[in-house]
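[1] need the 3D shape of this:
(chains A and B)
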Amino acid sequence: MMRISTNMIYDSSVSTMNQQQSRLLQTQQQLATGKRLINPSIDPAAAVQAMDVTQADAINTQYAANRISAQNTLTQMDITLQGATSLLQTTRESLIQASNTGTDTERQGLATALESQLQQLVSLANTKDGTGAYLFSGFQSKTQPFAGTVAGYAYFGDAGQKSVQISSGQQVPTSISGADIFMRVPSGNGTFVTQAAATNTGGGVATQGSAVNSALLTGNSYSLSFTVAAGVTTYSVTNTTTATPVAGMTGLPYTGGQAISFDGMQFAVSGAPVNGDSFTVQPSSNVSLFQTIADTAALLRAPVTPGNPAQTAALNAGVAAALKTLDTAMQKISVANAGVGSTLQGIDVAQVTGDNLGLNYKQTLSQLQDTNFAQAATDLAQQQLALQAAQKSFAQVSGLSLFTYL
Amino acid sequence: MSSIISTGLSGLNAAQAGMATTQHNIANANTPGYSMQRNVQAASSALYTGSGFIGQGTNVSTVQRAYNDFIGNQLLQAQAQASQLSTYQTQITQIDNVLADPNAGLAPAMQNFFNSLQTLSNMPDSIPARQGVLSNAQSLVARFQSISQQLTDVNTSVNGQITNSVSSINSLAQQIAALNQNIVVAQGTGQPPNDLMDQRDLMISQLNQQIKASVVKQTDGSYNIFVGNGQPLVVGQKASSLVATPSSSDPTRVDVSYNANGVIVPMQQNNLQGGVLGGLVAFREQSLVPAQNALGRIAIGIADSANQQNQLGVDLNGALGGTVFSVGTPYLGAASNNIGNAVLSASITSASALTTSDYTLQATGGGSYTLTRLSDNTVTNLAALPQTVDGITINLASGASIAGDIYTLRPTANASQTLAVTILDPNKLAAAAPILANSALANLGSGKISNGAVQAPLNANVQAPVTITFNAIVLPATQPTYTVTGAVPAVAAPIAYTPGTSIALAYNGWTAQISGTPAAGDVFNVSANAAAVGDNRNALLLAGLQNQNMFGGTTTLQGAYDQLVGQVANTTQAMTQSSTAQTTMVTQLVQAQQSVSGVNLDEEAANLIRYQRAYQAAGKAIQVANTMFDTLLNLR
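    Residues are numbered from 1 along each chain as shown, chains lettered A, B, ... in the order given. Sure, this is the predicted structure:
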């Protein structure tokens, strides 16, 4: 049998009740705050994991904000590019109308329409996004990308392409350099350009043609000249870069509309060229879409003397060339627009993934740090009971003393 | 006849003495350290007569205290250990909550800083977004400083508590020495001075709650007491003392030394085991200093990486970026008793190689040193300075050291306190890259050049214009070529490439790729990125630092902070558990000890009655003897 000292009865009861009270307080705090991890030391592994998940969740929320920012810019770009496409469609219709219209007055009306469309196109190309940054100026977001007069527009932006982080490890481009869309449109058919000499007096018109064998292309300039002798029209082709006649292309009989092919290129001349008329064939160069429209408006504005075949031919050839350039530009814009669309789709996919991740993070976090109320309430009741028992038994035991009976 | 009365008298005396001891027990029932006393009563030597030995009554030979040495010693050790653990636990609980608090911890401030960089990358030309980065950088710095300040406050409090504990130890040592003296004198009488011995045992128990002390008993009844590494604290009637003074090489910490007859001898701090003092020292060495250092290392990591990245970009004004943060140089203090006059300095050369340890540098003569990393006691021998170890370069600024000179090196200790934002102008955040690749407007091919990226460290010629011109195939070659002009060093010969494959360019410290098929005559330029207010390339890289492995190439900033929080939380948990276990053990030993030495009032009540009855009986015996006298006297 163990001998018990009177003090021990008090001391051990007090220390037991202290321990029970501190456990009770912790459970009560967990219930009151709803947090299981009042201190990290309650469950260090869970505390550290909770910090990581909190960080991942915060980053994910930031990516969602980034996605909204990217979406805003790209949606505006999408709308702008669609606007440009439909505007160019109108311009195209005006040009088709011009090629069929007879009088100077009517053509001048169309020229005015064209100039107004040009102004609209420039203003579309100078669109700003919600934050006041220009959409098409590359990194020079505060610099108006396109400025000038009808006489000529220049690009003041750069080639920079801004990217936005839309998820961990995924950056998407949110800007397009305006130079690529509006300033770098290949002239002619993209390989070469046919053009009537300014001195022509006949009504011969050259088609835009196409490259038929890229292996034979030389990138040189050529001259196609017509000779009319004794009612027979013949033509010869000279390579003006090397100043040598093209082999087998000298003194050939001319038939209107028949294909003329040399050095991988093919085009046709129709109408009636007169003696001394010539056409140049030059490699394509990049032209500005704005310049093309402005030049075409100027072409339409110039009066055509009725019965002057050369002027009519120049008008028709000019309109045809402008249409070709317009088509190339529209194709470029629609490719860019498709790119914007697919980026927007990618953002939507990332948005769904991000939302799911966010839900997942919040669930994990709740499991890690939140109080399991059922468990905690049971614990509380149990601990309360134990403390009450200790208190009651202490009161009884401490009342027992032999001195009571002396 | 008179022997009957004297026998009765001896019974009266013994009962009186028993009553006195019982009342002494009752009176001291609540006296700390008191051991129950019992009279040792024995029959007096009997009187020989022809009819045998006739008893002569009783006498009290001594008063004994109920005390078990074995349990007493066990309890002392357990108490020293319990006191150390509970002190450690109390201290570490203070920093446990500071670090991981969802509002006051470092993690949210760090997250806000990187979020603001992400926002900057969305709107690099927005002044509010730039201001946001600076404000969040300021908040981050404030958070670092506030946490660091709380750790410093804990350190200051630890210093104060060490001083208090040392003065308690000294006072107890004095009292024990005085008690030794009294006990030796009292012991000379041949009887044990029970209450003095109880007092001394209590003092030794209190001493063990301050520091683990070993007791060696002497034959004259005095106790010799040793602490630490065997330093004598009490020898016989003479007490020595411990001294708490600021460390000679690091004034921010109070170290404990031993005063040997007026000579102050430094003690190995980790030899101070047990008790409050042992708990304080262990907490400081194992948790507080590592936590402060780990926090500092994160501060250096952020400052260093953000500075390097910002210096790889250009700001809104088009100028190359500068630093974003500044952080103080490592602490390197010379011991005040060094003989040499060498002035050493330390600087951080590689933030990623830093550890969270402190170091001791000891001169070995001839300009050589040994560097001891305190976390694992790794010793590195350094020949002539400067030398770089663990990302720290140690320089000799002036003078020369003499063998034995000691220096304390704390590379990261003060970093979180000295962290500051150096950028005040939001325009100076370098969100843009210094270069931009452009393709000429006249290019006919489908070749596209990427924007270009700058490599660290920044090349002096990074903004020098470089032109890449594509050439046609010149027979008899089978591949086309491109010519690079403006690169440093110059690229003389045209470089052949396979059309349709991506061309990787790397000149003057930048890289770029050309994809697609460039046509002959196409020209690409890489040059200084002027007025590119919308360029966010460097901002994206700044924001990306959050996920970059920084320390040892394996740990991100958040990871390093996780480690810190995890270590403190795990230690707190371990300390709480061991402290509880040790307290239970102390409780059990106290019960065992009390079972021997404690006063049970019921027992004493019974004794009161026992001695009262004995007194009454002895008195009655004398009365009977008196009656017998009367009988005798009445005989006529």
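
[2] helices along the chain, start to end?
    Reading this off chain A. A:6-33, A:44-99, A:104-125, A:178, A:289-301, A:309-369, A:373-398 (DSSP state H).

[3] wait, chain B was what I had in mind.
    B:2-27, B:69-100, B:106-122, B:127-187, B:194-210, B:275-283, B:289-310, B:415-418, B:537-544, B:557-597, B:601-633.

[4] give the contact list for the closest residue to chain B within the stretch 251-400 of chain A.
    Here the residue of the stretch 251-400 of chain A nearest chain B is A:N286; by C-beta to the nearest C-beta that distance is 5.5 Å. Where you see a C-beta, it was placed from the backbone N, CA and C, and this is true even at glycine. Going by C-beta atoms under 8 Å, 6 or more residues apart in numbering or on different chains, A:N286 touches A:M183, A:R184, A:V185, A:P186, A:S187, B:L441, B:A442, B:N443, B:L444.

[5] what's the answer for A:A302, then?
    By C-beta under 8 Å, 6+ apart, the neighbours of A:A302 are A:L315.

[6] up against chain A, what does the stretch 401-550 of chain B have?
    Within the stretch 401-550 of chain B, the residues that sit near chain A (C-beta under 8 Å from any C-beta of the partner chain) are B:432, B:436-439, B:441-444, B:449, B:451, B:472, B:520, B:529, B:531-537, B:540, B:543-544, B:546-547.

[7] go again using 6 Å as the cut-off
    B:L436, B:N438, B:L441, B:A442, B:N451, B:A531, B:A532, B:V533, B:G534, B:D535, B:N536 (C-beta under 6 Å from any C-beta of the partner chain).

[8] what number of residues lie near the nearest residue to the second one once chain neighbours are set aside?
    Put plainly, it is B:N438. Leaving aside its sequence neighbours, B:N438 sits nearest to A:A159 (C-beta to C-beta, 6 or more residues apart in numbering or on different chains; 4.3 Å). Neighbours of A:A159 under the rule other C-beta atoms under 10 Å in any protein chain shown: 23.

[9] measure A:A159 to B:F524 for me?
    The gap separating A:A159 from B:F524 is 9 Å, by C-beta to C-beta, to the nearest Å.

[10] do B:A531 as well
    Here B:A531 is placed at a distance of 20 Å from B:F524 (C-beta to C-beta).

[11] out of the two, which sits in the busier spot?
    Neighbours per residue, other C-beta under 10 Å: of B:A531 and B:F524, the larger number sits with B:F524, 26 against 18.

[12] find the closest residue to chain B in chain A.
    For chain A, C-beta to the nearest C-beta, closest residue to chain B: A:S5, 2.1 Å.

[13] for that residue, report the pLDDT, please.
    What the model reports for A:S5 is a pLDDT of 87.

[14] what's the neighbour count on it?
    22.

[15] what do you get for A:S401?
    12.

[16] now A:G132
    A:G132, neighbours per other C-beta under 10 Å, totals 11.

[17] repeat that for A:Q21.
    Neighbours of A:Q21 using other C-beta under 10 Å come to 13.

[18] state the pLDDT value of it.
    93.

[19] ditto for A:T101
    pLDDT, read off for A:T101, is 65.
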